[in-house]
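Q: Coordinates only, no sequence provided:
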């Protein structure tokens, strides 16, 4: 089969489409013919060879895909050849990928493979962040940074549809802000034009946000603390803006009784990914089937042009997920 | 009645014993004749007028006491005059104090008032920190800073007796280290002689501590992050060493998936204090009654000499709780 490999870390041109052996499904695994997959920030870090968590991934990239079960290993529950599945994998930038059966999710009938490929990573991350870590309660206020990003667009929809939360987002262009509002965001803050902490304070009448989802990191750190409510939770899922903070006032952190949690999905254990995927399948896939929640597609590239998909993400141009497709989509 | 008041924030000499009206118990409240109480860091901050959370307390000090119910308000459940009670109050530095009945705890028969006065604040804080926030699991490793402090001596005993945890403490004198080991600590680190993060790493064979209780703050911040295990929790309950950190590496926080929580007990809601006190009474008081856990008394001062009790705490000389007693203890 053909797959994207990175022989030497570098820019988008480091992504090479080459012939590699087709994998064989082991016990509890499915071999899937990949129809589509999505680009993630973690792929870009892996391509560049950044971060110890990513080193294992540097030869083969791609953490999610959607496709058709080709063959099954022993003990895979009810899965069989021909089933349409999506989920988290290693080496998803390829014509075939192996996925543990206990983390495979069925693709709702109303979705294409391209739409399905936009679901796993960002909806699992948003769900984990909002509920497993952030403990979002119905009617709370959540501040979602990078609201037009893949995780942002997923989190806006989950917070509104599942929790009737008041959703405040930040983004850096009018187009992105307007898109976030279409998805249900109550307030959209142009972070280049106003100081988001002052705006959150104003919008919440001084109470602050109960939960903050941040993937910007260092430059937002103290403003996040200012924006948080009493007993607020801040979940850090990225450091796109830098990783080293300035001085932090711990007395403020203590006085507000804040909880700050860092998390990454890709390096989590197989068991964790399986139970998170199963919960998402049970609780959230019905909302995709009914159309209440939808995958957000930015642009679709053929697998052969995946370097251009990386360029688009690095230029921060996307609203929602950047997808690659493999072959025709019949 | 006589009570300690602070007319103007300042040093220990600002504590004045004066005549004030005896309070009246309202609905759901008990009036308690105070037999003993304890000194807390929050009292010192209140005396100095530090921190917005403390301002309300500056005229009357004292957050815990033990004594005998004198009279009861309406709807106080099973409590009656003559019962021996302990618990969290406002204005405990006094001959009488009012306590909401739903947070009063019965004093086990084997304990004196002086011993009972050493229980509420530190055992509630340690319990809250280890279990409600820190989610300590049986057999985990917990790092307890300031192990010989009131909260430290409480946390060591809870972590060993309730959770069979591996307990590592830090302290600054050989006497304190040795006392922590008597209480059950597995390892005691002299923080002035070795770098505690390196020692924790060595003792845990590189795994780190699952839970860290810190009341030192800024100077320990990065070392705490180094000392924490994957999925580690750091609970910040004080900033005795300073409140402003240096730069923090968020990538490390994210890579280890750390959870950092700040908390203070005194400013919590009445409901919170009531349910925490009830859980402590149900789960932990039997361990006091059996002698498995004991209150740790440092030194006892008469109410009239409470300024010397403050001096002792500010000089960091205590092991366990500094107590004041009111009148005779028959």
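A: Happy to help now that I have it. All of these numbers come straight from a predicted model, not from anything done at the bench.

Q: Now for residue A:1: which residues touch it?
A: A:19, A:20, A:21, A:22, A:94, A:95, A:96 (Cβ atoms under 8 Å, 6 or more residues apart in numbering or on different chains). Heads up, the C-betas are built off the backbone N, CA and C, glycines and all.

Q: burial measure for the second one, as a count.
A: Other residues near residue A:20 come to 17 when the count uses other Cβ atoms under 10 Å in any protein chain shown.

Q: Get me the contact residues on the stretch 101-250 of chain A for chain B.
A: Remark: the part of the stretch 101-250 of chain A in contact with chain B comprises A:217-218, A:221, A:236-239, A:243-250, using Cβ under 8 Å from any Cβ of the partner chain.

Q: Name only those of these that count as buried.
A: Taking 16 or more other Cβ atoms under 10 Å in any protein chain shown as the criterion, what is buried in those is A:217, A:218, A:221, A:236, A:237, A:238, A:239, A:243, A:245, A:248, A:249, A:250.

Q: Narrow these to those in strands?
A: When strands are assigned by DSSP state E, the members of those inside them are residue A:236.

Q: Just to check, residue A:256 is in contact with residue A:225?
A: Yes: counting by Cβ atoms under 8 Å, residue A:256 touches residue A:225, with 7.4 Å between them.

Q: Could you double-check that residue A:258 lies in contact with residue B:262?
A: Yes: applying Cβ under 8 Å, one finds residue A:258 in contact with residue B:262, separated by 5.4 Å.

Q: Please state the backbone phi and psi of residue A:48?
A: Summarising the backbone geometry of residue A:48 under the convention degrees, to the nearest 10, its torsions are phi -80, psi -10.

Q: Can you check what pLDDT the model gives it?
A: Reported pLDDT at residue A:48 in the predicted model: 90.

Q: For it, give me its contacts.
A: A:9, A:10.

Q: Ok, residue A:310 next?
A: Residues in contact with residue A:310, defined by Cβ under 8 Å, 6+ apart, are A:12, A:15, A:39, A:43, A:44, A:47.

Q: likewise residue A:121?
A: Contacts of residue A:121 were listed using Cβ under 8 Å, 6+ apart, and they are A:38, A:40, A:63, A:64, A:88, A:150, A:265.

Q: Top of these by number of neighbours, please.
A: Greatest neighbour count in these, by other Cβ under 10 Å, goes to residue A:38: 32 neighbours.

Q: For residue A:46, see how far away residue A:14 is.
A: Using Cβ to Cβ, to the nearest Å, one obtains 10 Å as the distance from residue A:14 to residue A:46.

Q: I'd like to know which of the contacts of residue A:121 are part of strands.
A: Using DSSP E, the members of these that fall in strands are A:38, A:64, A:88.

Q: Tell me the one of these nearest residue A:315?
A: Checking those against residue A:315 with Cβ to Cβ, the nearest one is residue A:38 at 16.7 Å.

Q: so what's the closest one up against?
A: When contacts are taken as Cβ under 8 Å, 6+ apart, residue A:38 is in contact with A:64, A:117, A:118, A:120, A:121, A:122, A:150, A:321, A:322, A:323, A:324.

Q: same thing but at 6 Å, please
A: With Cβ atoms under 6 Å, 6 or more residues apart in numbering or on different chains as the criterion, the residues that contact residue A:38 are A:64, A:117, A:118, A:321, A:323.

Q: That one pairs with what?
A: In this structure, residue A:38 has beta-bridge partners residue A:323, where bridges are defined by DSSP bridges.

Q: circling back to that earlier point, can you flag which of the residues of the stretch 101-250 of chain A next to chain B belong to helices?
A: A:221, A:250 (DSSP state H).

Q: Go through the residues of the stretch 101-250 of chain A next to chain B and say which is closest to residue A:278.
A: Lowest distance from residue A:278 to these (Cβ to Cβ) belongs to residue A:237, with 21.0 Å.

Q: now that closest one, nearest residue through space, not along the chain?
A: Beyond its immediate neighbours in the sequence, the residue positioned closest to residue A:237 (Cβ to Cβ, 6 or more residues apart in numbering or on different chains) is residue A:215, lying 4.9 Å away.

Q: if I pick that neighbour, what's in contact with it?
A: Shown in contact with residue A:215 (Cβ under 6 Å, 6+ apart): A:146, A:237, A:238, A:240.

Q: Next, count neighbours for residue A:254.
A: Applying the criterion other Cβ under 10 Å, we find 23 residues in the vicinity of residue A:254.

Q: ugh, wrong one, residue A:327
A: Residues near residue A:327, counting by other Cβ under 10 Å, number 12.

Q: Repeat that for residue A:304.
A: Every residue meeting other Cβ under 10 Å relative to residue A:304 is counted, giving 12.

Q: Need the three-state assignment for it.
A: helix (DSSP: H, G, I helix; E, B strand; the rest coil).

Q: Tell me how far residue A:97 lies from residue A:23.
A: As defined by Cβ to Cβ, residue A:97 lies at a distance of 7 Å from residue A:23.

Q: From residue A:297, how far out is the residue nearest in space to the middle of chain A?
A: What sits nearest the mean C-alpha location of chain A, by Cα atoms, centre = their mean, is residue A:122, with 2.3 Å. Residue A:122 sits at a distance of 12 Å from residue A:297 (criterion: Cβ to Cβ).

Q: about what we covered before: which of the contacts of residue A:1 has the most neighbours?
A: In terms of neighbours by other Cβ under 10 Å, the contacts of residue A:1 top out with residue A:94 at 26 neighbours.
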